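Enquirer: build me a model:
(chains A and B)
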Amino acid sequence: MVGLEHYLILSAVLFSIGLYGALAKRNAIIILMSIELMLNAVNIAMVAFSRYIVPLMLTGQIFAIFVMVVAAAEVAVGLAIIIAIYRHRETIDATKIDLMKW
Amino acid sequence: MSVSVAFWVLASIAVLAALSVVLVRDVFRAALSLILCFLMVAGLYITLSADFLAAVQILIYVGAISVLIILAIMLTREVQRGSPSNRFRLPAFFVAVLFFAGIGYAMLNTPWQISSTPPLEPTTPAIAGLLFGPGGFILPVEIAPLLLLAAIIGAIVLVREK
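Expert: Next up, the predicted model:
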């Protein structure tokens, strides 16, 4: 029987994979994809809480909808920034984009 | 019973797809595995009886966000270079493992108060009532289009030719 803990552990696994990708990758698009993975993991956890703890209130699902809205906005702006950087510097290697590093 | 079979199949495919997003060298294949992972998450929403959310997941993530990501991969020529790791690979791995250990410990040792009520079956009317009805989330619903408008205008301004 699958319970709340299964979904929570799955969400933790996906979040940790996304965290590793966001910290360890050079390609800015891969970093953005890892952030999307992390947002999806959080959504799974919120929908699981909503299903198992307050099945009639659906608050977790509403939160997940707002997370999706913010994720869509974030991807649009993030990819636009990446393309703008690529136009200027011919690279999207996150270790070489260090203009604001002291 | 069938729900748990579905959960295990969907969860294992989702974890494998997520692993291949961060481990595969080809950027385009990583994007395709990310789409597979999004699809499996939509299936997981169905096993959690969140039907509206599963449809929204497929529409927004599989439909829109993945198209944007693939477009960005094609517009930048980093594809030839693959997706190498930076020099923080081992520290990042340890940070991820530590984070997983800590959060997994907290999740397994918290006494969750599981409700035995069966979930709502068609969730769409209830979500509509919560989003637009009295005492609901109407203010965030009004703010969300503002955010989306700002994101669209920002994206256009950022990529416009001078």
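Enquirer: hey, which helix or strand in chain A has the poorest pLDDT?
Expert: Least confident helix or strand of chain A, by mean pLDDT, DSSP states H and E, is helix A:59-89 with a mean of 92.
Enquirer: quick one: buried residues of it?
Expert: A:60-66, A:68-69, A:71-83, A:85-86 (16 or more other C-beta atoms under 10 Å in any protein chain shown). Glycine gets a C-beta too; all of them are placed from N, C-alpha and C.
Enquirer: middle-most residue in chain B, spatially?
Expert: By C-alpha atoms, centre = their mean, chain B has its centre lying nearest to B:Phe38, at 6.0 Å.
Enquirer: what sits against it?
Expert: Neighbouring residues of B:Phe38 by C-beta atoms under 8 Å, 6 or more residues apart in numbering or on different chains: A:Asn40, B:Gln57, B:Ile58, B:Tyr61, B:Val62, B:Ile65, B:Ser66.
Enquirer: swap in B:Arg81?
Expert: A:Asn27, A:Asp93.
Enquirer: ok so, going back, I'd like to know how far the residue nearest to the centre of chain B sits from A:Phe49.
Expert: To A:Phe49, B:Phe38 is 21 Å away according to C-beta to C-beta, to the nearest Å.
Enquirer: go on, B:Leu34?
Expert: 24 Å.
Enquirer: those two: which has the busier surroundings?
Expert: Using other C-beta atoms under 10 Å in any protein chain shown as the criterion, B:Leu34 and A:Phe49 rank with B:Leu34 on top: 27 against 20.
Enquirer: tell me the secondary structure for the more buried one?
Expert: helix (DSSP: H, G, I helix; E, B strand; the rest coil).
Enquirer: the residue nearest to A:Met1 when sequence neighbours are not counted: neighbouring residues, count only.
Expert: Spatially, and ignoring its direct neighbours in sequence, A:Met1 is nearest to B:Ser4 (6.2 Å; C-beta to C-beta, 6 or more residues apart in numbering or on different chains). Neighbourhood size, B:Ser4 [other C-beta under 10 Å]: 13.
Enquirer: I'd assumed A:Val2 was in contact with B:Ser4.
Expert: Yes. Contact criterion C-beta atoms under 8 Å: B:Ser4 and A:Val2 qualify, at 4.3 Å.
Enquirer: what sits closest to A:Tyr52 if chain neighbours are left out?
Expert: Distances taken as C-beta to C-beta, 6+ apart put A:Leu4 closest to A:Tyr52, at 4.1 Å, once the chain neighbours are dropped.
Enquirer: dump the residue contacts of B:Cys37.
Expert: A:Leu14, A:Leu37, A:Asn40, B:Ala14, B:Ala17, B:Ala18, B:Val21.
Enquirer: excluding chain neighbours, what is closest to it?
Expert: B:Ala17 is the one closest to B:Cys37 (C-beta to C-beta, 6+ apart), at 3.9 Å.
Enquirer: I'd assumed B:Ala31 was in contact with that neighbour.
Expert: No. Taking contacts as C-beta under 8 Å, B:Ala17 lies outside contact range of B:Ala31: 11.1 Å.
Enquirer: of the two, who's got more company?
Expert: B:Ala17 (23 against 20).
Enquirer: contacts for the host helix or strand of B:Ser20, please.
Expert: Assigned by DSSP states H and E, B:Ser20 belongs to helix B:2-23. Helix B:2-23 has contacts (C-beta under 8 Å, 6+ apart) with A:1-2, A:6-7, A:10, A:13-14, A:17-18, A:20-21, A:24-25, A:30, A:33-34, A:37, B:29-30, B:33-34, B:36-37, B:40-41, B:43-44, B:46-47.
Enquirer: any stretches of chain B with poor pLDDT?
Expert: Along chain B, the parts satisfying pLDDT under 70 run over B:78-80, B:162.
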